[in-house]
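Participant: Any chance you can model this:
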Amino acid sequence: MKIALIALSAALVVGAGAVSISAVSTAQQVSKAAPAVVDAYVEATFKGASDTWKGRIKQDETQRACSENKNELSTAEFQKVLAREKASVVFPADGKVIGNWKEGAKIAQNGRGGQFSDPPDTVGGGNCYACHQLSKAELSFGTMGPSLNEYGKIRRFREDEAKAAYAKIYNAQSVMPCSNMPRFGLTKALSEQQIKDVVSYLFDPESPVNK
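Facilitator: Residues are numbered from 1 along each chain as shown. This next block holds a predicted model:
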């Protein structure tokens, strides 16, 4: 599955910010969107799409919960989604989450793989710079997500922190339900090796991210 599918995880959840426990107290003040309204909106957005794309825009249980509740989950629903998404994370069988940072840099820069014009065999990227600052040398980056500059250095290159980063890249909603960040591993937008390489880009001391 491609980046656009994964990006759809963010696009389909109505509203902008990711919910937090502190925000749950306002959940009851937010009107719940009717399922039929959500379905109609999604269908209209992708009107005329191919059968392949129509299959991609079908929401899973978590996407539907976030859409219908406009990202403002009740405490019970928040915990339910968190548990479900955590259970979906698959760590590498060899126990290693660090790959090749040079390959990770390429993946972070690559935004192909989810465009309508991309051939089916296009190797997708993470398009990380669309939302984050990483290397100081990069002048063009998005600000939807936090800066990741010196990410590994700040975390003292700890193994548990690298594993946590792998989990978040694999499925951001396993860390924060209704996150805008794509679920790269869950939807197969990135392979296990690609995720390892991105984690290495964040954690290798020689990576430009940590210089």
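
Participant: From here on, just use CA atoms for contacts and neighbour counts.
Facilitator: OK.

Participant: Tell me where the model's unsure across the protein.
Facilitator: Within the chain, the ranges that satisfy pLDDT under 70 run 1-30.

Participant: go with 50
Facilitator: Counting by pLDDT under 50, the chain contains low-confidence ranges at 1-28.

Participant: Can you pull the domain assignment for it?
Facilitator: For the chain, automatic domain parsing gives the domain ranges 3-88, 101-210.

Participant: Does Phe116 belong to a helix, a strand or coil?
Facilitator: Applying DSSP: H, G, I helix; E, B strand; the rest coil to Phe116 yields a three-state assignment of coil.

Participant: how far away is it from Ala44?
Facilitator: Distance check for Phe116 against Ala44: by CA to CA, to the nearest Å, it reads 17 Å.

Participant: Could you do Asn127 as well?
Facilitator: Distance from Asn127 to Ala44, by CA to CA: 26 Å.

Participant: Longest helix in the protein, by number of residues?
Facilitator: With secondary structure taken from DSSP state H, the chain has its longest helix at helix 75-88.

Participant: Tell me which of Asn127 and Ala44 has more neighbours.
Facilitator: Asn127 (18 against 11; other CA atoms under 10 Å).

Participant: Would you agree the more buried one is in contact with Lys106?
Facilitator: No: between Asn127 and Lys106 there is no contact under CA atoms under 8 Å: 9.3 Å.

Participant: Show me which parts of the helix or strand hosting Ala162 are buried, residue by residue.
Facilitator: Assigned by DSSP states H and E, Ala162 belongs to helix 159-170. Across helix 159-170, burial judged by 16 or more other CA atoms under 10 Å covers Glu161, Ala162, Lys163, Ala165, Tyr166, Ala167, Lys168, Ile169, Tyr170.

Participant: Alpha carbons of the helix or strand that comes right after that helix, in CSV - could you do that?
Facilitator: Per DSSP H and E, the first helix or strand lying C-terminal to helix 159-170 is helix 192-203. Extracted in CSV, the C-alpha atoms of helix 192-203 (Å, rounded to 0.1, in the frame of the first residue of the first chain):
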residue,chain,number,x,y,z
GLU,A,192,10.5,-3.3,7.9
GLN,A,193,14.0,-2.5,6.5
GLN,A,194,12.9,1.0,5.4
ILE,A,195,11.6,1.7,9.0
LYS,A,196,14.9,0.5,10.4
ASP,A,197,16.8,2.8,8.1
VAL,A,198,14.6,5.8,9.1
VAL,A,199,15.2,5.0,12.8
SER,A,200,18.9,4.9,12.0
TYR,A,201,18.7,8.3,10.4
LEU,A,202,17.3,9.5,13.7
PHE,A,203,19.7,7.7,16.0
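
Participant: mind checking how far helix 192-203 is from the chain centre?
Facilitator: Computed by CA atoms, centre = their mean, to the nearest Å, the chain-centroid distance of helix 192-203 equals 14 Å.
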